[in-house]
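Enquirer: Need a 3D model of the sequence below.
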Amino acid sequence: MSSALQETFSPRNLPNAFTATRFALVPVLLLLAATHHPAAFVAVLAAAFATDAIDGYLARRFQLESPVGAKLDSRADLALWLSLPAATWLLRPEFVRAEATPIALLLASLALPMLAGLVKFGRAPSYHSWAAKSTAVLLAGAMLSVYLDGPVWLFRVATVVALIAALEELVITALLPEWHADVRSWRAAQRIRAGEKT
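Expert: Numbers count the residues shown, from 1 in each chain. Down below sits the predicted model:
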């Protein structure tokens, strides 16, 4: 194996490689939705969700967590989640019409913390809080359920959790004196604030 390939597939690059794969799958998802291939769409979406679990695991396993990786992960997550409303409209328009209010609240829960971070720090937040991680897991399951014609209640539960996570991210942004990555909770933000005041 060439040194370039060895470098690409070395453990320290694998987390970002999986994150980049999530980016690359976004246009594939939109194409599959636009051409109405629901089975392939669900398979690719499940793979995209899997990369979100794998990149974080690898970063922790090999102690490769970094602000750059956290930022890249947040951008990949955002690209994936922002692609889903259009994909859902193309594949499940009846769901979008029936769940318009929860969908609007969910989009607000994504947008407001980002706007707050941009206003305060000049850059989007990348907290990866426990509440946000719980939201991602619930929402991934909920969306797969939606595309597979499963029950809608999981999506509504995930929306409520997403709103709670967004509220916590707004509190974290308010507490932090400057931008930080990987702030797991508002209590962690309080500790950072107290430490930087001393």
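Enquirer: Tell me which helix or strand the residue nearest to residue 166 when sequence neighbours are not counted sits in.
Expert: Nearest residue to residue 166 in three dimensions, chain neighbours excluded: residue 109, at 3.8 Å (CB to CB, 6 or more residues apart in numbering). C-beta: built from backbone N, CA, C; applies to glycine. Element membership of residue 109 [criterion: DSSP states H and E] is helix 100-121.
Enquirer: Tell me the buried residues in the helix or strand that that helix is followed by?
Expert: Downstream of helix 100-121, the first helix or strand assigned by DSSP H and E is helix 130-147. By neighbour count with 16 or more other CB atoms under 10 Å, helix 130-147 contains the buried residues 131-133, 135-136, 138-143, 145-147.
Enquirer: Residues in contact with helix 130-147: which ones?
Expert: The set of residues external to helix 130-147 that reach it, using CB atoms under 8 Å, 6 or more residues apart in numbering, is 38, 41-42, 45-46, 49, 52, 77, 81, 84, 88, 91-92, 95, 106, 150-152, 154-155, 157-158, 161-162, 164-165, 168-169, 184-185.
Enquirer: my guess is the residue nearest to residue 166 meets residue 170, correct?
Expert: No - counting by CB atoms under 8 Å, residue 109 does not reach residue 170; the two are 9.9 Å apart.
Enquirer: out of the two, which sits in the busier spot?
Expert: The neighbour count for residue 109 versus residue 170, taken as other CB atoms under 10 Å, is higher for residue 109 (22 against 18).
Enquirer: OK, contacts around residue 28?
Expert: Contacts of residue 28 (CB under 8 Å, 6+ apart): residue 44.
Enquirer: name the element it belongs to?
Expert: With DSSP H and E as the criterion, residue 28 is inside helix 14-34.
Enquirer: I'd like to check the angle between that helix and helix 130-147, please.
Expert: Helix 14-34 and helix 130-147 are oriented at 30 degrees to each other (axes from the mean of the first three to the mean of the last three CA atoms, to 10 degrees).
Enquirer: Dump helix 14-34 to CSV, restricted to CA.
Expert: What follows is helix 14-34, C-alpha atoms only, in CSV (Å, rounded to 0.1, in the frame of the first residue of the first chain):
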residue,chain,number,x,y,z
LEU,A,14,-10.7,7.6,9.8
PRO,A,15,-13.1,9.7,11.9
ASN,A,16,-12.9,12.6,9.4
ALA,A,17,-13.2,10.1,6.5
PHE,A,18,-16.5,8.8,7.8
THR,A,19,-17.7,12.4,8.4
ALA,A,20,-16.7,13.3,4.8
THR,A,21,-18.7,10.3,3.6
ARG,A,22,-21.8,11.7,5.4
PHE,A,23,-21.3,14.9,3.4
ALA,A,24,-20.9,12.9,0.2
LEU,A,25,-24.1,10.9,0.8
VAL,A,26,-26.3,14.0,1.0
PRO,A,27,-26.6,14.6,-2.8
VAL,A,28,-27.1,10.8,-3.3
LEU,A,29,-30.0,11.0,-0.9
LEU,A,30,-31.6,13.9,-2.7
LEU,A,31,-31.1,12.2,-6.1
LEU,A,32,-32.7,9.0,-4.8
ALA,A,33,-35.7,11.0,-3.4
ALA,A,34,-36.1,13.0,-6.6
